[in-house]
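*Asks:* just need the structure, nothing else, for what follows:
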Amino acid sequence: MKPVTIDQHESTTMNNVALRALIILAIPFIAFAVCLSLGMMTGVFAVLLISFIGFVILGPKLLADFRELHDQKLYSDILKSEKPISVHKAHEVIRYFNATVLRIDSRKGVIQVMVNGDKYTMNVYPDTNAKFKQTAKV
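*Replies:* Take a look at the predicted model:
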């Protein structure tokens, strides 16, 4: 699956992934109904066994696609919004996009980053439960 850029509209990609998952999930139910209507109980058990094994193998892949698209949408929304976020969340966004940090203004709580040639500004507030607290007095 090709990575989605920040400027693309993610809804079509999410719809494609959802449709693919729906089709994959519907196949065993259709086979189960056909075997049950024809009275083949061994076919019913075979379909249940094969679908269980298939879901164990394909399930994590389907969930990974959904998780990847959800993370892409979440982090791009955070990057585009002007709402203040925690320093930890800003660090996650920077690492996710492998962004270049252009400027950090600690007095105003602003971090400017560059992602794919576009500049974005993140307003941050300090973490209250950070491991390291600033103790130096000015």
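*Asks:* surely residue 121 is in a strand?
*Replies:* Yes - with DSSP: H, G, I helix; E, B strand; the rest coil as the criterion, residue 121 is part of a strand.
*Asks:* just use 6 as the starting number from now, easier for me
*Replies:* Done: numbering now begins at 6, and the last item shifts to residue 126.
*Asks:* surely it meets residue 119?
*Replies:* No - using CB atoms under 8 Å, residue 126 makes no contact with residue 119, being 10.8 Å away. For the C-beta atoms, the positions are set from N, CA and C on the backbone; glycine is no exception.
*Asks:* just how off-centre is stretch 97-116 within its chain?
*Replies:* Distance, stretch centre to chain centre, for stretch 97-116: 20 Å (CA atoms, centre = their mean, to the nearest Å).
*Asks:* can you pull the pLDDT of residue 37?
*Replies:* Per-residue confidence (pLDDT) for residue 37: 84.
*Asks:* where's residue 96 relative to residue 83, distance?
*Replies:* 12 Å (CB to CB, to the nearest Å).
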